[in-house]
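Student: take this sequence and fold it.
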Amino acid sequence: MIKQKGMKVGAVSLWLLLLLAERPMYGYEIIKELEKKFSGYWKPKTGTIYPALEKLEENKSVTSKVEFMDKAPDRKHYAITKKGEDELAESMVHWSKMAEIIENHWETHQAVFRHKSEISKDDLVKIFSNLGKSLQSKDNLEMSKIIPSSKKVSVKNPTDPLEFKFLYAKEKTKEGKDKFEIHIEFEWNEKHKRGSK
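Tutor: Residues are numbered from 1 along each chain as shown. Here you go, the predicted structure:
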């Protein structure tokens, strides 16, 4: 994996160093802690965690010690080193900036609305008719009025001029049948008051 300048470790290694900065842990314990922290959204696999720990150990970012057990499998405990702490501190600056960018991107695009379903030609005609009526109105576009099955999303009514994109595509399916697609896109910017930037 290519890393950007200033990013000493990747995402998995970063999480391993963050956990080991709290306290030394053995492999299975690390996996369980990660599952807990991610609330089930990420279930780390041994095939991901152990190779990452080995790389960190080769890089002298972590150190390990085997705990020999009498009636259970031996455990390998991992601890962060001074070098690992330095890398973690440096990488956190980078990842903080990345998180800020993601947060800003999310705020900008949280109003994205997508709808995909199978409908009849008659229903498609109704959607286009509803869209036409909404564009002629001065009110905001209410998606639930255009596509009745959609959730309530309101969009500012377009201002002239609109940018219009139309794509027609024909392709063959794996079964050798023709598949047709039409994509229609309207784009507009909010009209600014005179004198504003």
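Student: where does the residue of the chain most remote from its centre land on pLDDT?
Tutor: Largest separation from the mean C-alpha position in the chain: D70, at 44.8 Å (C-alpha atoms, centre = their mean). If you check D70, the pLDDT there is 74.
Student: so which strand or helix has it?
Tutor: Assigned by DSSP states H and E, D70 belongs to no helix or strand.
Student: same check, this time on K76
Tutor: strand 75-80.
Student: in that strand, what's buried?
Tutor: Using 16 or more other C-beta atoms under 10 Å as the test for burial, strand 75-80 gives H77, Y78, I80. No exception for glycine: its C-beta is placed from N, CA and C like everyone else's.
Student: how far away from the center of its chain is the helix or strand of the chain with the lowest mean pLDDT?
Tutor: Ranking every helix and strand in the chain by mean pLDDT, DSSP states H and E puts strand 154-155 at the bottom, with a mean of 79. The chain centroid and the centroid of strand 154-155 are separated by 24 Å under C-alpha atoms, centre = their mean, to the nearest Å.
Student: can you tell me the SS state at the residue most central in space within the chain?
Tutor: Against the mean C-alpha coordinate of the chain, by C-alpha atoms, centre = their mean, the closest residue is I102 at 8.5 Å. Assigned by DSSP: H, G, I helix; E, B strand; the rest coil, the conformation of I102 is helix.
Student: domain map for the chain?
Tutor: The chain breaks down by automatic domain parsing into domains covering 11-109, 121-187.
Student: pLDDT weak spots in the chain?
Tutor: 1-9, 106-113, 191-197 (pLDDT under 70).
Student: quick one, strands of the chain?
Tutor: Taking DSSP state E as the criterion, the chain carries its strands at 25-26, 62-67, 75-80, 141-142, 154-155, 163-172, 178-187.
Student: relative to strand 75-80, how tilted is the second one?
Tutor: An angle of 150 degrees separates the directions of strand 62-67 and strand 75-80 when computed by axes from the mean of the first three to the mean of the last three C-alpha atoms, to 10 degrees.
Student: that'll do, ta.
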